[in-house]
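Enquirer: Predicted model, plus sequence, below.
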Amino acid sequence: MTQLLLAAVLRRLEAASLAALPAGTLMQRAGSAVAAATGKLARTLAPGRPVLALVGPGNNGGDAVLAALVLRERGYACSALALDPGGPAAGDAADAWRAAREAGLPIAGPDALPALLGAAPIVVDGLFGIGLARPLDGDGRRICEAVAQARLPVVAVDVPSGIDANSGAIVGGAQACAMRATITVTMIADKPGLHTGAALDHVGRLEVAALGLEAGRAQFAAAAGLEAGVLYDATRAAAGWRGRARDSNKGSYGTVLAYGGADGMRGAVLLAARGAQALGAGKVFVGTPADALFDPGQPQLMTAPADAAFGAYDAVAIGCGLGRSGLARERVAAALSDARALVLDADALNLLAAEPALASAPSAHQQAPQPRVMTPHPLEAARLLGCEAAQVQADRRAAAVLLAQRYRMVVLLKGAGSVVATPEGRWSIIDAGSPALASAGTGDVLAGMVAALLARGHEAEEAACLAAWLHGDAGARFEAAHGHAEGLSAAELPELVRAALSGAIARKGVPND
């Protein structure tokens, strides 16, 4: 299991390790890890390219200096450019600078940038790390923009400069600047901000350098509680899938009702039903607030009455194309009260945002708590929280946790690096996805997928995580097959979901029945 640690936990772990180890040990290990990644990258490029270390005022700068020294010893032409050519006054980073000067490593100031970039170097980004609290400006921003304009390969130390390690947002907002890395070598442990939001366009290939602190990392993560999350990856998805027993029938895999599809939005609820079918729900029904809806392309989907008794189904996905009429509001209230397990999407979330008290209505299932999952995109999440979408995107993990706690249900916050959070404060980031999924109707398919897993007996948190991973992997398969992320139709997605499931089952080593 890959754990994701917030910066506060990492700082405590680093401080404890620095106190227990000889001075400079962690920085030497970090510099060696960056040098190894840079050398590996260099071997994929034309021979003879020099290396330029960008050196900031903190420990990241020291890591970059030591990486340059290691690479210099291995025969690379190395130089450094520092924001402050005077260097730090004390600490491990100051020792790294002294070693560089003694070895004759040239360390220039920002004015040398044009000449150094003109040699088309491999760039080691050691400008800023997890402690950055303000947007890149001045020489820092100028360097970052010049590297981007030159389209140079970049190895980032710990995090790409300008990226928030907790949230994945660019420090200072979307108009601010951040380095775009080819490889990011993150130190000690993985971080949530490397897997969600704007960071996904900046991190490149991610490597974790534990620096020999694996045992201490596990101990600190266990003590960190809600400051530690989980990266829900292919291994977790494979472990989470429950295959079919030979001695089973359609009744063994639950009944799903997809309810929505008001006039003009009929397709949305049909897509949700197809999503439920793709993840193996035993029986799938479609209901609308107006009249019966039949999908001639999917004759196995049965119709439910407009006033369907939600408690008659193992799981209900409500809201896809539902509309916001008075009748729609009544149906959402009934589902919150009566459904055995419930997924709220789209207009169900908009109705809930307009009337949050709906979520507090007593459930008819007092003896068995009703599993509930909401699946908002950032704008829907903002409506539910009473804020702007930009605020949600500024810290997607924190927004998902707040939503889950406020509405007392599992939240699947969709987007780049989808986040799943529970009312108890647990959180996971989904390690699958593609911009191909930025297409109308793909979220409806996802809602049906979550409902299918609930109907099959999965706990709400696991259902949300597994469905989100399969959904994201399906989008990635489309992108890989076509060489781009353009033009995915939501109607194509269920078949891709089945392919993603086949891949997960193969990884688990279980025959695909």
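Expert: Okay, I see it.
Enquirer: what about the residue lying farthest from the centre of the chain, distance to residue 96?
Expert: Relative to the average C-alpha location in the chain, and by CA atoms, centre = their mean, no residue lies farther out than residue 102, which sits at 43.4 Å. Taking CB to CB, to the nearest Å as the measure, residue 102 and residue 96 are separated by 11 Å. From N, CA and C alone the C-beta is placed, and that goes for glycine too.
Enquirer: that older thread, and the residue farthest from the centre of the chain, what helix or strand is that in?
Expert: Under the criterion DSSP states H and E, the helix or strand holding residue 102 is helix 91-103.
Enquirer: Counting by contacts, list what the helix or strand that that helix is followed by packs against.
Expert: Toward the C-terminal end, the helix or strand that comes next after helix 91-103 (DSSP H and E) is strand 107-108. Under the contact criterion of 3 or more CB pairs under 8 Å, 6 or more residues apart in numbering; DSSP states H and E, strand 107-108 touches strand 78-82, helix 91-103.
Enquirer: average model confidence for strand 107-108?
Expert: With pLDDT averaged residue by residue, strand 107-108 scores 94.
Enquirer: before we move on, the earlier item: can you tell me which of the helices and strands packed on strand 107-108 is nearest to residue 439?
Expert: Nearest to residue 439 among these is strand 78-82; the distance by CB to CB comes to 42.6 Å.
Enquirer: distance between the closest one and the chain's centre?
Expert: Offset of strand 78-82 from its chain centre (CA atoms, centre = their mean, to the nearest Å): 34 Å.
Enquirer: For it, C-alpha coordinates in CSV please.
Expert: The C-alpha trace of strand 78-82 is given here as CSV (Å, rounded to 0.1, in the frame of the first residue of the first chain):
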residue,chain,number,x,y,z
CYS,A,78,27.8,20.2,-14.7
SER,A,79,27.1,23.8,-13.5
ALA,A,80,24.8,25.5,-11.1
LEU,A,81,22.7,28.6,-11.1
ALA,A,82,21.6,30.0,-7.7
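Enquirer: which outside residues touch that strand?
Expert: Residues from elsewhere that reach strand 78-82 (CB atoms under 8 Å, 6 or more residues apart in numbering): 50-56, 61, 64-65, 68-69, 71-72, 100, 105-110, 112-113, 116, 121, 143.
Enquirer: Quote the end-to-end distance of stretch 76-87.
Expert: Distance across stretch 76-87, first residue to last, is 23 Å (CA to CA, to the nearest Å).
Enquirer: now do stretch 195-202
Expert: Using CA to CA, the end-to-end distance of stretch 195-202 comes out at 10 Å.
Enquirer: Mind checking the pLDDT average for that stretch?
Expert: Computed over stretch 195-202, the mean pLDDT rounds to 98.
Enquirer: can you map out the strands along the stretch 151-300 of the chain?
Expert: If DSSP state E, counting those that start in this stretch is used as the criterion, the strands of the stretch 151-300 of the chain fall at 154-157, 183-187, 205-209, 228-232, 255-259, 283-287.
Enquirer: Where in the chain is the helix or strand with the lowest mean pLDDT?
Expert: Least confident helix or strand, the chain: helix 214-224 with a mean of 74, by mean pLDDT, DSSP states H and E.
Enquirer: Which strands and helices lie in contact with that one?
Expert: In this structure, helix 214-224 packs against strand 2-5, helix 7-20, with contacts taken as 3+ CB pairs under 8 Å, 6+ apart.
Enquirer: could you redo the last one with a cut-off of 6 Å?
Expert: Using 3 or more CB pairs under 6 Å, 6 or more residues apart in numbering; DSSP states H and E, the elements in contact with helix 214-224 are helix 7-20.
Enquirer: Pull out the buried positions in the helix it packs on.
Expert: Residues 7, 9, 10, 13, 14, 17, 18 are the ones in helix 7-20 that count as buried (16 or more other CB atoms under 10 Å).
Enquirer: Equivalent analysis for stretch 417-429, please.
Expert: Buried residues in stretch 417-429, defined by neighbour count with 16+ other CB under 10 Å: 417, 418, 419, 420, 421, 422, 423, 426, 427, 428, 429.
Enquirer: ok, now stretch 231-240?
Expert: Of the residues in stretch 231-240, those buried by neighbour count under the rule 16+ other CB under 10 Å are 231, 232, 233, 234, 236, 237, 238, 240.
Enquirer: Show the pLDDT at the last one.
Expert: Residue 240 is assigned 94 on the pLDDT scale.
Enquirer: do the same with the second one
Expert: Residue 232 carries a pLDDT score of 97 in this model.
Enquirer: hmm, back to that, which residues outside the least confident helix or strand of the chain are in contact with it?
Expert: By CB atoms under 6 Å, 6 or more residues apart in numbering, the list of residues contacting helix 214-224 from outside reads 3, 9, 13, 189, 228.
Enquirer: Same question for stretch 169-189.
Expert: By CB under 6 Å, 6+ apart, stretch 169-189 touches 5, 10, 30, 33-34, 37, 41, 125, 132, 135-136, 141, 144, 148, 153-156, 158, 160-164, 197-198, 202-209, 211, 213, 217, 394.
Enquirer: With only the CA atoms kept, save it in CSV.
Expert: Taking only C-alpha atoms (Å, rounded to 0.1, in the frame of the first residue of the first chain), the coordinates of stretch 169-189 have been written out as CSV:
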residue,chain,number,x,y,z
ALA,A,169,-2.4,23.2,-6.7
ILE,A,170,0.0,25.8,-8.1
VAL,A,171,1.0,28.0,-5.2
GLY,A,172,-0.7,31.3,-5.8
GLY,A,173,-3.4,29.9,-8.1
ALA,A,174,-3.9,29.0,-11.7
GLN,A,175,-2.3,32.3,-12.9
ALA,A,176,0.9,31.6,-11.0
CYS,A,177,3.9,29.6,-12.2
ALA,A,178,5.3,26.1,-11.6
MET,A,179,8.0,24.0,-13.0
ARG,A,180,7.1,21.3,-15.5
ALA,A,181,9.2,18.2,-14.7
THR,A,182,10.0,15.2,-16.8
ILE,A,183,10.8,13.3,-13.6
THR,A,184,10.1,14.1,-10.0
VAL,A,185,12.2,12.4,-7.3
THR,A,186,10.2,12.9,-4.2
MET,A,187,11.9,12.4,-0.9
ILE,A,188,11.1,10.1,2.1
ALA,A,189,7.5,9.4,1.2
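Enquirer: Right, I'll call it a day here.
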